[in-house]
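**Student:** Predicted coordinates and the sequence they were generated for:
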Amino acid sequence: MAVSRVGWWMRCFGASTDKRQYAYANSPHIRKLDRGQLPRNRKADKTPTATSVRYRDEHGKKCWHGTAELKHTETYPSDFGASVAALYDELKSTACGCPALPAKLPSALEVFEEHPEILALFAGADLDAVYIYLRGCKYLCIPAVWKEHFPVKVAGSPGGSRKRARESPNSRKGRRSSPGKAPVSRKVP
C-alpha cells in the first residue's frame, strides 16, 4: 500500500503563525493540501507572533515555555477545514486498503463470544483491580445479556457478587451503602 506524505504551512490557510503541519494518508489526493513554499509577501503581511520564550536557566541549560499566543495555534483555521472538506470525496474514493464493513455488523457480545482468547487476555492483563473498581460504581449499568460473562466474585473484591449487580436500586433500600461499616451517627447541637 502506498502512503502519501504532505506538509503545509498553516499561515497559507489564514493562521496567525507559520506552523508547519504534516499528514500521511493512503490517498495521493492528500497532497492537494500543500500550497507550496510560504511566500515572502505572506510572511510580511503579518507581524510575527512569539509563541514561546527561550532562555538559559541559572545552570546554563537551554529552556523555553509557551506564551499566551501559543493557545491560538491549537485551533485550525476555517480555511483549512474547508480545504479538507472539499477533498473528502476524493480522499475517500481513492483510499487504498480500507476494509469494507460487512452488511450486518455483529453486536459487541457476539464479537466477545467468537474469540475465547479474550478471557485469557483478561486474566493475563491482571485487570481484577479495574473490574472491582467498575463493579463498585454507583451508576454502572451492565446490560442483562453481558452479566453472565462477568465473574461472580473476584479475589480481593469486598462482597462484589453478581447477585448484587443484578438487583435494581429500589430493592436495596434500607441496606447500608458500604458493607461491613457501621452507620455513622452525628449529634446535632
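**Tutor:** In hand now; what should we look at? Since the structure is predicted, the reported quantities are computational estimates derived from the model, not experimental observations. Residues are numbered from 1 along each chain as shown.
**Student:** Where do the strands of this structure begin and end?
**Tutor:** For the chain, applying DSSP state E gives strands covering 4-9, 20-25, 52-56, 62-66.
**Student:** I'd like those laid out as a markdown table, including mean pLDDT.
**Tutor:** Shown next, in a markdown table, are these (pLDDT from 0 to 100):
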| stretch | mean pLDDT |
| --- | --- |
| strand 4-9 | 88 |
| strand 20-25 | 88 |
| strand 52-56 | 90 |
| strand 62-66 | 89 |
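**Student:** quick one: which of those strands is nearest residue 102?
**Tutor:** If you check each of the strands of the chain against residue 102 by CB to CB, strand 20-25 wins as the nearest, at 24.4 Å. Quick note: C-beta positions are derived from backbone N, CA and C, even for glycine.
**Student:** Buried by neighbour count: which residues of the closest one qualify?
**Tutor:** Neighbour counts over strand 20-25 (16 or more other CB atoms under 10 Å) mark residue 25 as buried.
**Student:** Tell me which other helices or strands that strand touches.
**Tutor:** Identification of packing neighbours for strand 20-25 by 3 or more CB pairs under 8 Å, 6 or more residues apart in numbering; DSSP states H and E yields strand 4-9.
**Student:** Nearest to residue 146 among the strands of the chain would be which one?
**Tutor:** Checking the strands of the chain against residue 146 by CB to CB gives strand 20-25 as the closest, at 37.1 Å.
**Student:** Distance check, the residue nearest the centre of the chain against residue 131.
**Tutor:** With distances taken as CA atoms, centre = their mean, the residue of the chain nearest its centroid is residue 74 (16.7 Å). Residue 74 is 36 Å from residue 131, where distance means CB to CB, to the nearest Å.
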